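**Q** Pasted the sequence and its predicted model underneath.
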Amino acid sequence: MWEYEKRLQYPVRIKKPDARAAKVILSQYGGPDGELGASLRYLSQRFAMPDPRVAGLLTDIGTEELAHLELIGAIVRQLTRDLTPEQIKAQGFDAYFVDHTVGIYPASAAGDPFTAAYLQSKGDPITDITEDMGAEQKARTTYDNILRLVDDPDVIDPIRFLREREIVHFQRFGEALGMVREKLDSKNYYQYNPAFGKRR
Amino acid sequence: MNNNLNNMYRSDSGCGCGNVVSSAKNGKRALLDEINTVSFAADELRLYLDTHPDNGEALDMMKEYLDKRGALIERFGEKYGALDGYGMIYGDEWRWNDPPMPWSDNEGGC
């Protein structure tokens, strides 16, 4: 189960609304490499993960991703406060606004709604952890791109925090891949799937 | 009342403090920042210990941060309301509603 703690993992204190920035940052809420996909990916994969240490890591990183989802929601919320209809039009937020007003909806920057097709749960430890390492790098690249597009230090600060977490998670998943391999035949890691069937 | 329609999607709950952060607010923010800092150290150590469970140094650091965190959360709860979803009663009072939602104007914006 989960317990809620009534605070953000990292403070978000944005003074100036900016709908244009909100639109691109929203992609990390419900976009292809966003935090919703990340949390669902790890929290789903863990059920078939035979090594309990790695299943624990997936649980803990998946849980942190939920906190990151909340952080992105907070950033977008604070960036879209107190906007006038004129600003909404001028800052290119009108297409989002007409469907969601300034509610938070999981979609990509291009407006595609969130889909589970953004993630995989393959039921093979090597495959899943390798996907996770790629996913962390894709999210890191997305944050790098966001940092190329925003200039407000109040926005840059929490985005940098989130970017750094992707790098740490990548590192931990790399160690997890080593843990998975430890229990396999080093002459042929693919001899059998430890999450399905028996060692021959 | 033209403004009313426009204001439906605007936050009218502004904290009204302008750019000046009052000292009471400052104290609350400083305590929250301290909780966030110590909690983050624990978040980071949790993941590290998941893949390095035998690292005694990390384990000792974790114990230290968890002790600090517990005390700070308790102090915040007594003064400003509950952060912990299983520790929301102080004395005979329901304090879970007291802290504003963490993305709200009161917590973040000003």
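**A** Yes, it's here. Numbering: from 1, shown residues only, chains lettered A, B, ... in the order given.
**Q** Every contact and neighbour count from this point should use C-alpha atoms.
**A** Fine.
**Q** Residue nearest the middle of chain A, spatially speaking?
**A** A:E35 (2.3 Å; CA atoms, centre = their mean).
**Q** Next: chain B.
**A** B:L32 (4.6 Å).
**Q** So which bits of chain A are right by chain B?
**A** Taking CA under 8 Å from any CA of the partner chain as the measure of proximity, chain A contacts chain B at A:3-15, A:53-54, A:56-57, A:60-61, A:74-75, A:77-78, A:81-85, A:101-102, A:172, A:175-176.
**Q** Show me which of those residues are buried.
**A** In these, burial by neighbour count holds for A:6-15, A:53-54, A:56-57, A:60-61, A:74-75, A:77-78, A:81-83, A:102, A:172, A:175-176, counting by 16 or more other CA atoms under 10 Å in any protein chain shown.
**Q** So which of those residues sit within helices?
**A** Taking DSSP state H as the definition of helices, these contribute A:53-54, A:56-57, A:60-61, A:74-75, A:77-78, A:172, A:175-176.
**Q** what's the closest of those residues to chain B?
**A** Nearest to chain B out of those is A:A74 (CA to the nearest CA; 4.9 Å).
**Q** just to revisit the earlier point, just say helix, strand or coil for the residue nearest to the centre of chain B.
**A** Assigned state for B:L32: helix (three-state reduction, DSSP: H, G, I helix; E, B strand; the rest coil).
**Q** measure A:D144 to chain B for me?
**A** Distance of A:D144 to chain B, given as CA to the nearest CA, to the nearest Å: 22 Å.
**Q** tell me what the host helix or strand of that residue is packed against?
**A** In the assignment (DSSP states H and E), A:D144 maps to helix A:125-149. Judged by 3 or more CA pairs under 8 Å, 6 or more residues apart in numbering or on different chains; DSSP states H and E, helix A:125-149 is in contact with helix A:19-25, helix A:35-45, helix A:153-182.
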